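Engineer: Okay, here's the prediction I keep looking at, along with the sequence it came from:
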Amino acid sequence: SSKKKGKSKKKSDFQLQASSIAPKTRICITRTPLCPVAAFIMCNLAKLKEGRRVLDPFAGSCTTLLAAAMIAPSCESVGIEISGNDVVNRDDIMADFKSRKLTPPKALIQGDCTVEAVRDEARSSIDGHSFDIILSDPPYGRRESKSKSQEDDSAPIPLVQLVQCIAVDLGNDKRLLTKGGRLVAFVPTNPTNIGEHLEDGLPNKDQLDAAGLELVSITEQPLSETLSRWLAVYNCVK
């Protein structure tokens, strides 16, 4: 029975941590914030430890980086977000870290992570090093160019784009992800969309090989009767 009590205390501690960064408690909130519990799960699957360098290339209001700072206070984090301060106010994000006495990100960069110069800026923020962990909850569906009416159906979905960027940087000898590091990312799917399959949201074998990535696991997280998302974990093997 003492064993059961220990388990139950651990669970309540975890819930307490997650609730302390719940969207309603924060200054900066996006329209579709990542669930704090999901952010903690992502950090655990990424094998986050003290001193690790963490990047979120689709950072939003930085739920992942808040969770990372709670789990490993000495980790060095960087967030990239394409939206401007009118949508995602970076001063408010920093205030969310400060009010919880958490180590703030090294940088919150406004820009598109698929642009090489933006990724260079992210590396510069951590003294030119590569990242040990990339956590990502990419935008659902294909990225919009400027507006919904101008959506580019020929463009790859965000996770595939991210993997392609990792491959480009590896080829240019300025790797984004350290060998032995992990990429943990959500992949949404809608079973009611005819012809939409999980594989459509995942990088293929050639793309993974080019990026030096290997799939470790993929697990489903149902969001509703019609929408699921899958959590994919990749190791950087070269």
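Structural biologist: Sure, I can see it.

Engineer: Any buried residues in the biggest strand by length in the chain, and which?
Structural biologist: Criterion DSSP state E: the longest strand present in the chain is strand 177-189. When neighbours are counted by 16 or more other Cβ atoms under 10 Å, the buried residues of strand 177-189 are found to be 177-178, 181-189. No exception for glycine: its C-beta is placed from N, CA and C like everyone else's.

Engineer: ok, now stretch 231-238?
Structural biologist: Using 16+ other Cβ under 10 Å as the test for burial, stretch 231-238 gives 231-236.

Engineer: Looking at these, spot the one nearest Ser136.
Structural biologist: Closest approach to Ser136 among the buried residues of stretch 231-238 (Cβ to Cβ): Ala232, at 9.6 Å.

Engineer: any idea how far the residue nearest to the spatial centre of the chain lies from Ser74?
Structural biologist: In the chain, the C-alpha nearest the mean C-alpha coordinate belongs to Ser136, at 1.9 Å (Cα atoms, centre = their mean). According to Cβ to Cβ, to the nearest Å, Ser136 stands 22 Å off from Ser74.

Engineer: quick revisit: now intersect the buried residues of stretch 231-238 with the strands, please.
Structural biologist: 231-236.

Engineer: Quick one: mean pLDDT over the helix or strand following the longest strand of the chain.
Structural biologist: For strand 177-189, the following helix or strand on the C-terminal side (DSSP states H and E) is helix 205-211. Taken as a whole, helix 205-211 has a mean pLDDT of 97.

Engineer: which other residues reach the helix or strand following helix 205-211?
Structural biologist: For helix 205-211, the following helix or strand on the C-terminal side (DSSP H and E) is strand 213-222. Here strand 213-222 makes contact (Cβ atoms under 8 Å, 6 or more residues apart in numbering) with 38, 45, 163, 166, 177, 182-183, 186-187, 198, 202-203, 208, 228-237.

Engineer: mind redoing it with 7 Å?
Structural biologist: 163, 166, 183, 208, 228-237 (Cβ atoms under 7 Å, 6 or more residues apart in numbering).

Engineer: So of those, which two are at opposite extremes in space?
Structural biologist: Going by Cβ to Cβ, the pair spanning those furthest: Ser228 and Val237, at 27.7 Å.

Engineer: hey, where'd the strands end up in this structure?
Structural biologist: Under DSSP E, the chain gives strands at 53-56, 76-81, 107-110, 131-136, 177-189, 213-222, 228-236.

Engineer: Please work out the average pLDDT along the first one.
Structural biologist: In this model, strand 53-56 has a mean pLDDT of 98.

Engineer: centre of the chain versus that strand, how much separation?
Structural biologist: Centre-to-centre, strand 53-56 and its host chain are 8 Å apart (Cα atoms, centre = their mean, to the nearest Å).

Engineer: what packs against that strand?
Structural biologist: helix 63-71, strand 76-81, strand 131-136 (3 or more Cβ pairs under 7 Å, 6 or more residues apart in numbering; DSSP states H and E).

Engineer: how about the ones you listed, which one is nearest Asp112?
Structural biologist: strand 76-81 (7.9 Å).

Engineer: what's the offset of the closest one from the middle of its chain?
Structural biologist: For strand 76-81, the distance to the chain centre is 9 Å (Cα atoms, centre = their mean).

Engineer: That one: which residues count as buried?
Structural biologist: Neighbour-count burial for strand 76-81 [16+ other Cβ under 10 Å]: 76-81.

Engineer: Hey, what's the angle from that strand to strand 131-136? Just curious.
Structural biologist: 40 degrees (axes from the mean of the first three to the mean of the last three Cα atoms, to 10 degrees).

Engineer: quick one: strands adjacent to strand 76-81?
Structural biologist: Using DSSP bridges, the strands paired with strand 76-81 are strand 53-56 (parallel), strand 107-110 (parallel).
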